[in-house]
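Engineer: Could you look at this predicted model? Sequence included:
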Amino acid sequence: MKQALTRQRRLIVLSTFLATCHQAGEAAVPFLIGVIIDRAVDGGVGDLFLWLGVLGAIYIGLSYSFRYGARTGERASEQAAHDLRLQVTRRVLHDRGGAETGRLPGALVSIATSDTARVGAVAVAIVYGTAAVIAVIFSAVLLLSISIPLGLLVLLGLPPLMWLTRLIGKPLEARSETEQEHGAHASGIAADLVAGLRVVKGLRAEEAAVERYRVRSRTALTATVRAARAETAYQGIVIVVSGLFLAVIAVVGGILAVRGDITVGQLISSVGLAQFLVGPLSTFGWVGADLAQGRASAKRVAAVLSADEAVAGGEQTPVTPVRGAIELRVREIAVKLAPGEIVGVVATDPAEATEIVRLLNRSFDPADGTVSLDGVALSSLRPEELRAAVLAVEHHTDLFDGTVRSAVALDRAGPATVDAAMAAADADEVARNLPAGLDSVLGDGARTLSGGQRQRIALARALAADAPVLVLHDPTTAVDAVTEARIAQRVRAMREGRTTVLITTSPALLAVTDRVVMLHEGAVVADGTHGELAAGDETYRETVLA
Amino acid sequence: MTTTLLPIAAGARTRAALLVFLRPDRGRLAGAVVLLIAGTIAGLLAPPLLGRIVDLASGAGTTGEFVLTGVALVAVALVDAALAGLGIALLAQVGESTLARIRERFVESALRLPLEQVERAGAGDLTSRVTNDVAVVAEAARSALPEFTRAILTIVLTLGGMAVLDWRFLLAALVAVPVQAYTVRWYARRAVPLYAKQRVAVAAQQQHLLATIDGASTIRTFRIAGDHSGRVATRSQQAVDLLLRGVALQTRFYARLHVAEFAGLAAVLATGFFLVRGDAVSIGTATAAALYFHGLFNPINTALALVDDAQAAASGLDRLVGVADLAVPPRAVLPTTDSPAAVEVTGLSFGYEADRPVLHDVSLSVRRGERVAVVGSTGAGKTSLAKVIAGVHEPTAGTVDVPAGEVALITQEVHVFAGPLADDLRLARPGATEDEVRAALAAVDALGWASQLPEGLNTEVGAGGHALTAAQAQQLAFARLILADPPVAILDEATAEAGSAGARLLERVAAAALEGRTAVIVAHRLTQAVTADRVVVLDRGRIVQIGPHETLVAEPGPYATLWQAWSGQRDQKA
């Protein structure tokens, strides 16, 4: 939190200065009211206009300082929130991962939007909090100029009162934290149900889902009502404290006036100032609450920013040019790929297949074993550089907003490569059926496309990256058999001479590989060409051809 | 592709809906208002008491009199705090419960919405409403509503108090009103379109962030984090710029209000000046009037400033009510007939866009208990046929007769709901016993791994919980099907996303889950066609072949070609 706000230091200082001028102006207004009423007793009409003129001048000053003070303060707040939002996004997208562990995507979004905004709002709280402190001091000086005992009363009376309100505000912090968590959880659940809408509808389980949300919503309601009560109690205490304070000033001032120590006008000024002080005092209330909320939010933001990396360590870069020799030794599994080989990997356990892709793109490091590229362990390579050399695409892969062309080219691949990749993945046919071809815009994860169409565009994207080593996990499961056979041939042609791993049990894809490695029950049980294995290995036939 | 956002309610409709949502809390609301009025009146006794101190000071008040008035001041503050505090707490409770009712109703409607409509709007639209708009409205209910109520009460009652002191003070105070009225109109004209833009920008930012965070793994794999952070930065900056423009507008709004304050205050002071000189009022009364008017600044600013919170909340509410209020038509209930057909499709045509039909004149009759596989190349319309039969989409021509409430659709998209595993399954049958849940899991070969999860069936799964493989997620989908127990099941390549190794396991699982049901299976793995009673071959939206596998394989045609590509003739270079 500190760091985000330090960056906005200049804006905050400027804004605080202006806000202070504004508060000073506001403090001067009740003072002038006293002066003017005083003139009613013993001044002339000329005096009235003179002092009304002064009042006007003060108004101009306070109005402008408020105007620019508020603008700079809000700018600081928004800018700080914006910076944090980007930091959170970068942390989530960081090549070493780890920020998503244990957090719902909805909750992460809520951290990136609401929590960062609350931390930013601390800038505004600081500005107005500081301005309020200075306003209190300024009023005290005015009061001291009227009467020393009155001024002292304010100066000595206020700090304990402020401390008291602060003390009472503390429990609110804890309440506010749980309340926010409940709120975030309820909206996380709602977002999750919305994400699973198709499943819910397919089962006609709408009512069950509604009921489930209602229960969560009720829990959240109980928490927020409790928090609201705590806040109200707090505000009530602020009203009582400021009323007490006002009464003391008025009574003491009245007695001083009767004794002739101060004029009646000065008494009015004092009462006006004391009443004005209620403003800054209640400012401390919301500043306290905002700081509390900001702190609770900052904790969540910081937890994301400092989340443990999923893959720590490894600063080397792969040796270039990448030859593409891969060696994988994990537990009982040992697989070796020569540079340029096109190899099929058949895993009877789907979890094992997923594990291998994730090992090869270094989403995590093996607990027991090593994976290496050209003789260098992946765990000693920087993930970003590794992924430039070894592109290992998981089966579930997302498409993003943008045109088909940009989704495939990713601002890297040239038009010729894009065209070749589109053709190889049979995605050119998908593009032809879209209204604007390659320039059609895919909205919201390309949901309007069928599963097969999405898969083909995703495959084109993987091919267009032209990586030295390409690992594909079941890239064509939603594509029909005839198309799949065509794609297999073209992928082979496009990847000729570069290491390619096809993790699949699709016979169409396996048929184009140089050799196939089969994993079963945690070990390599067969190694040979697709033809050989299809002819001679019973498990293989069962897994691939059944 | 164009997106059509979900409906947004118009103001009048929102107000009417709000009243309905408020109804259960009517009593509390009335109580809250009464308490607030009483509290505010107590608070307004302070300025006359201060005026009395001034009068005592200008006369010759005794210390006792001063202290007595001081005690009265404290008492007034106590009464104010107690009554207003209770009132605000009550009001917040009314606000929160009403909000809870609205959001529950919203989720209810959202879940009942036709899928078509949600997809056209983009899932982000719903998500942004359920998170952002709910938050904005909650904020309004929590703080703006009580503050606003209290401010309005203070203003009205203070003006009354000034009239009681002397009617001329009220007249003087009203000098400020034209300026304020003009300012509010000036502001509303500019603020409404600006806030509308702001909300759109914030919603776009949210949707984009959600897509980015959901796709983090893909983004890492393709090393496009820089690009995506850049896009997030752009959207966020757009939203920030619009917010700051809003702040600039607000400060200009306040500058105009300062003019009103000055005009009114100068008028009240001048009035007091001349009334005191003319001995019409005491100096204490003039003081009370000035303090009253000075005390109005904050509530007036609060009330007028909350106009934009209220506007933001109102537009949030419009978006919530827009969905909450949708009269989602119940699916046409068809009488269950004794006809031997479980699914009767006649002359069906369908297209997502009017000029691009994807299904032409499809007729198909599925007997009870029959298993029909639908095959064809990608884009032939298989998924569309499945969705229309399942009632997700309405046919553009022709009819689909499926006994109402008897059909479930399992698609290739799997979703594991966040929360305990058993809760996920109970979505399909809320009352399912532990044994039923276990039996369903056992039927889909999932009981083994499910029991071995860290906390067994109570393990948190889904986003943020224990990660399941695609095949496991698909097994859960079938377990849900068993629990939901519909007579007719439509499987739309339900085994596809799991990957090919999982597909075989899932085919076995699917067979178990379909036991005793009528099934229409959209298949791309032809093994499913072999075991089906009949195969329907779709090509460009038309049925081109229909019959048992053995018959179709034997006759030359698209199915035979497909079968060749599938079954082992892979050594031929295609």
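Structural biologist: Great, that's in hand. Numbers count the residues shown, from 1 in each chain, chains lettered A, B, ... in the order given.
Engineer: Please say whether there is contact between the helix ranked longest in chain B and chain A.
Structural biologist: What stands out as the longest helix in chain B, according to DSSP state H, is helix B:225-277. Yes - on the criterion Cβ under 8 Å from any Cβ of the partner chain, helix B:225-277 is in touch with chain A at B:225, B:227-229, B:232-233, B:236-237, B:240, B:243-244, B:247-248, B:250-252, B:254-255, B:258-259, B:261-262, B:265-266, B:269-270, B:272-273, B:276-277. (Glycine included, C-beta is placed from N, CA and C.)
Engineer: for that helix, packing partners?
Structural biologist: Where contact means 3 or more Cβ pairs under 8 Å, 6 or more residues apart in numbering or on different chains; DSSP states H and E, helix B:225-277 is packed against helix A:9-42, helix A:45-93, helix B:167-173, helix B:176-214, helix B:283-324.
Engineer: could I get the ones you listed as TSV with mean pLDDT, distance to residue B:156 and mean neighbour count?
Structural biologist: Shown next, in TSV, are those (pLDDT from 0 to 100; distance: least, Cβ to Cβ, whole Å; neighbours: other Cβ atoms under 10 Å in any protein chain shown):
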stretch	mean pLDDT	distance to residue B:156	mean neighbour count
helix A:9-42	84	23	21
helix A:45-93	90	25	20
helix B:167-173	89	12	19
helix B:176-214	84	13	18
helix B:283-324	82	10	22
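Engineer: Residue A:473: which of those is closest?
Structural biologist: helix B:176-214 (18.7 Å; Cβ to Cβ).
Engineer: where's that closest one relative to the chain centroid, distance-wise?
Structural biologist: In this view, helix B:176-214 has its centroid 19 Å away from the chain centroid, taken as Cα atoms, centre = their mean, to the nearest Å.
Engineer: Count the residues that sit near the residue in chain B that chain A sits nearest to.
Structural biologist: Nearest to chain A, among the residues of chain B, is residue B:77, at 2.3 Å (Cβ to the nearest Cβ). Neighbour count for residue B:77, taken as other Cβ atoms under 10 Å in any protein chain shown: 24.
Engineer: State whether it and residue A:247 are indeed in contact, as I suppose.
Structural biologist: Yes - counting by Cβ atoms under 8 Å, residue B:77 touches residue A:247, with 7.5 Å between them.
Engineer: Could you list the low-confidence segments of chain A?
Structural biologist: Within chain A, the segments meeting pLDDT under 70 span A:1-2, A:166, A:169-170, A:172-184, A:278, A:282, A:285, A:443-448, A:546.
Engineer: what do you get for the stretch 301-450 of chain B?
Structural biologist: Residue ranges of the stretch 301-450 of chain B with pLDDT under 70: B:308, B:327-341, B:354, B:403-405, B:412.
Engineer: again, 90 this time
Structural biologist: B:301-369, B:375-421, B:423-432, B:444-446, B:448-450 (pLDDT under 90).
Engineer: Write out the residues of it neighbouring chain A.
Structural biologist: Counting by Cβ under 8 Å from any Cβ, the residues of the stretch 301-450 of chain B close to chain A are B:352, B:375-380, B:383, B:390, B:392, B:405, B:408-419, B:423, B:426-430.
Engineer: Go ahead and flag the most central residue of chain A.
Structural biologist: residue A:112 (1.9 Å; Cα atoms, centre = their mean).
Engineer: Which residue is the nearest non-sequential neighbour of that residue?
Structural biologist: Distances taken as Cβ to Cβ, 6 or more residues apart in numbering or on different chains put residue A:88 closest to residue A:112, at 4.5 Å, once the chain neighbours are dropped.
Engineer: what about the residue of the stretch 201-350 of chain A found nearest chain B, which helix or strand?
Structural biologist: Closest contact between the stretch 201-350 of chain A and chain B, by Cβ to the nearest Cβ, is at residue A:243 (2.3 Å). Using DSSP states H and E, residue A:243 sits in helix A:206-258.
Engineer: From residue A:196, how far off is the residue nearest to residue A:112?
Structural biologist: 25 Å (Cβ to Cβ, to the nearest Å).
Engineer: Pairing partners for the helix or strand hosting residue A:526, with directions?
Structural biologist: Residue A:526 belongs to strand A:523-528 when assigned by DSSP H and E. Sheet pairing of strand A:523-528 (DSSP bridges) gives strand A:515-520 (antiparallel).
Engineer: Quickly note the distance from the residue of chain B closest to chain A to residue A:228.
Structural biologist: Relative to residue A:228, residue B:77 is positioned 22 Å away (Cβ to Cβ).
Engineer: repeat for residue B:234
Structural biologist: Taken as Cβ to Cβ, the span from residue B:234 to residue A:228 is 37 Å.
Engineer: Neighbour count for those two, which is higher?
Structural biologist: residue A:228 (24 against 12).
Engineer: I'd guessed that one sits against residue B:90; true?
Structural biologist: No - assessed by Cβ under 8 Å, residue A:228 is found out of contact with residue B:90, at 9.9 Å.
Engineer: Give me the neighbour count for residue 254.
Structural biologist: No chain in the question, so chain A it is. When neighbours are defined as other Cβ under 10 Å, residue A:254 has 30 of them.
Engineer: Let me rephrase: I mean chain B.
Structural biologist: 19.
Engineer: Walking through chain A, point out its strands one by one.
Structural biologist: Assigned by DSSP state E, the strands in chain A fall at A:326-330, A:333-337, A:342-347, A:369-373, A:376-377, A:390-393, A:402-403, A:441-442, A:469-473, A:500-503, A:515-520, A:523-528.
Engineer: And for the last one, what's in contact with it?
Structural biologist: Outside of strand A:523-528, the residues that reach it under the criterion Cβ atoms under 8 Å, 6 or more residues apart in numbering or on different chains are A:332-335, A:515-519, A:533, A:536-537, A:539-540.
Engineer: Serialize the residues you listed to a markdown table and add fields for distance to residue A:213 and neighbour count.
Structural biologist: Listed next are the contacts of strand A:523-528 as a markdown table, based on distance: Cβ to Cβ, whole Å; neighbours: other Cβ atoms under 10 Å in any protein chain shown:
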| residue | distance to residue A:213 | neighbour count |
| --- | --- | --- |
| A:332 | 46 | 12 |
| A:333 | 44 | 19 |
| A:334 | 49 | 13 |
| A:335 | 46 | 18 |
| A:515 | 52 | 17 |
| A:516 | 48 | 27 |
| A:517 | 47 | 24 |
| A:518 | 46 | 23 |
| A:519 | 42 | 22 |
| A:533 | 50 | 25 |
| A:536 | 55 | 11 |
| A:537 | 51 | 18 |
| A:539 | 46 | 15 |
| A:540 | 47 | 24 |
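Engineer: ok, the closest residue to the residue of chain B closest to chain A other than its chain neighbours to residue B:222 distance?
Structural biologist: Once flanking residues are discounted, residue B:77 sits nearest to residue A:243: 2.3 Å by Cβ to Cβ, 6+ apart. Here residue A:243 is placed at a distance of 64 Å from residue B:222 (Cβ to Cβ).
Engineer: Between the two, which is the more surrounded one?
Structural biologist: residue B:222 (25 against 22).
Engineer: Can you check what pLDDT the model gives the more buried one?
Structural biologist: On the pLDDT scale, residue B:222 is placed at 90.
Engineer: Now do the contacts for it.
Structural biologist: A:387, A:391, A:410, A:461, A:465.
Engineer: same question for the longest helix of chain B, mean pLDDT?
Structural biologist: Helix B:225-277 shows a mean pLDDT of 89.
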